[in-house]
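I would like the atomic coordinates for the input below:
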Amino acid sequence: MGTTDVATEAHGEGTGLVFHPLDQFIVKPLFGEGPVHWYTITNATLWLALAALSIVLLFVVGSRGRAIVPSRSQSVGELFYGFIYKMVEDVTGHDGVKYFPYIMTIFLFIFFSNFLGLLPMSFSPTSHIATTAVLGFGVFIVVTLIGFVKNGIGFLGMFWLSDAPLALRPIIAIIEVISYFVRPVSHSIRLAGNITAGHAMIKVFAGFAAIAAVSPISVLAISAVYGLEVLVAAIQAYVFTILTCIYLKDALHPAH
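Below you'll find the predicted structure:
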């Protein structure tokens with residue numbers, strides 16, 4: 001095969017099937033073309049704003065009446081509120097309820113970002129580690145500050161297991177410290193990885209839909225994966241939030 005033929009197939013102009021499932025994750029300027037700077041309004045900016053706008057519409061506009069017999073939007077808002085409030089109270093205890101607005105905001109932002117990313121021609125901000133890392137490291141910093149403010153130097157007691165044999169305590173302490181600092185990394189990668197994998201899989205099956213022989217199978221596979229992604233969108237928001245609650249519980253009660 002000559003150099004020209006290789007270049008042709010690489011650009012999708014040959015007879016082979018060529019598609020790029022990761023192109024959907026490219027951050028592009030929303031207006032015009034060119035490099036992306038920190039001030040550039042991009043497709044990521046748009047869908048981040050839409051996620052925030054959706055939250056405002058649901059909880060500010062949709063629930064502004066505060067009727068005794070709630071409307072549909074107010075009922076949905078109250079369902080979210082009750083679900084997250086119970087999670088925070090059950091996991092962190094009564095002391096953690098004061099941090100409920102912060103945790104509720106995190107859940108709603110991830111939830112709406114995940115679901116908006118399932119719309120055709122949309123962009124999923126939570127598929128980018130740049131977004132999830134801000135969330136993950138934000139939780140890490142906030143929880144660590146709360147731990148030191150509430151417990152002082154006693155917060156470090158969570159790394160020293162007094163119930164373990166004395167000879168093993170230093171080793172366990174080192175493992176606990178490493179595990180603690182790995183938390184924001186795993187917290188953010190878990191969310192971004194799951195969202196990216198699902199979207200890429202849908203794009204791969206969509207590429208095979210161009211082949212007549214496998215088109216029906218591809219359509220069924222896309223439908224199945226899309227249904228799974230709907231569950232993943234909700235589950236990943238829940239997992240991120242409940243892990244935040246667990247980390248907050250450790251900060252509030254390091255001795256437990």
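
where in the stretch 151-256 of the chain is pLDDT low?
Within the stretch 151-256 of the chain, the stretches with pLDDT under 70 are 210, 212-214, 255-256.

which stretches of it form strands?
Using DSSP state E, counting those that start in this stretch, no strands are found in the stretch 151-256 of the chain.

For it, just list every one of the helices.
Ranges of helices in the stretch 151-256 of the chain, per DSSP state H, counting those that start in this stretch, are 169-208, 215-252.

now these as CSV including distance to residue 91 and mean neighbour count?
All C-beta atoms are positioned from the backbone trio N, CA, C, and that covers glycine. Output for the helices of the stretch 151-256 of the chain, formatted as CSV (distance: least, C-beta to C-beta, whole Å; neighbours: other C-beta atoms under 10 Å):
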stretch, distance to residue 91, mean neighbour count
helix 169-208, 15, 16
helix 215-252, 4, 17
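
Indicate which one of those helices is closest to residue 151.
Among those, helix 215-252 comes nearest to residue 151, with 7.8 Å by C-beta to C-beta.

Which strands or helices does that closest one pack on?
Secondary-structure packing of helix 215-252 (3 or more C-beta pairs under 8 Å, 6 or more residues apart in numbering; DSSP states H and E): helix 72-92, helix 100-116, helix 129-151, helix 169-208.

Which one, of those helices, ends up nearest to residue 234?
Among the helices and strands packed on helix 215-252, helix 100-116 sits nearest to residue 234 (C-beta to C-beta), with 6.8 Å.

Report the buried residues of the closest one.
Within helix 100-116, the residues that count as buried by 16 or more other C-beta atoms under 10 Å are 100, 103-104, 106-116.

which one of the residues you listed is nearest residue 141?
In terms of C-beta to C-beta, no member of the buried residues of helix 100-116 lies closer to residue 141 than residue 106, at 13.3 Å.

Tell me the pLDDT of that closest one.
pLDDT for residue 106: 96.

what's the answer for residue 17, then?
Per-residue pLDDT puts residue 17 at 56.

what does residue 45 give?
Looking at residue 45, the pLDDT reads 92.

Identify the residue spatially nearest to it, adjacent ones excluded.
Nearest non-adjacent residue to residue 45, counting by C-beta to C-beta, 6 or more residues apart in numbering: residue 30, 6.6 Å away.

residues touching the one you found, list them.
Applying C-beta atoms under 8 Å, 6 or more residues apart in numbering to residue 30 gives the contacts 41, 42, 43, 45, 46.

burial measure for the fourth one, as a count.
A count of nearby residues for residue 45, using other C-beta atoms under 10 Å, gives 16.

Buried residues, the helix or strand that it is a member of. List them.
Following DSSP states H and E, one finds residue 45 within helix 43-56. Applying a neighbour-count criterion of 16+ other C-beta under 10 Å, one finds 43, 44, 45, 47, 48, 50, 51, 54, 55 buried in helix 43-56.

who are the neighbours in contact with the residue nearest to the fourth one when sequence neighbours are not counted?
Translated: residue 47. Counting by C-beta to C-beta, 6+ apart, residue 47 lies nearest to residue 123, which is 4.6 Å off, once chain neighbours are set aside. Taking C-beta under 8 Å, 6+ apart, we find residue 123 in contact with 24, 43, 44, 46, 47, 117.

how would you label residue 123: helix, strand or coil?
Of the three states, residue 123 takes coil according to DSSP: H, G, I helix; E, B strand; the rest coil.

Ramachandran angles for it?
Dihedral pair for residue 123: phi -130, psi 130, per degrees, to the nearest 10.

Roughly how far does it sit from residue 236?
When C-beta to C-beta, to the nearest Å is applied, the distance between residue 123 and residue 236 equals 17 Å.

can you tell me which two in the contacts of residue 123 are farthest apart?
24 and 46 (14.3 Å).

Quick one: end-to-end distance for stretch 147-157.
From its first residue to its last, stretch 147-157 covers 11 Å (C-alpha to C-alpha, to the nearest Å).

In the protein, which residue is most central in space?
What sits nearest the mean C-alpha location of the chain, by C-alpha atoms, centre = their mean, is residue 191, with 4.2 Å.
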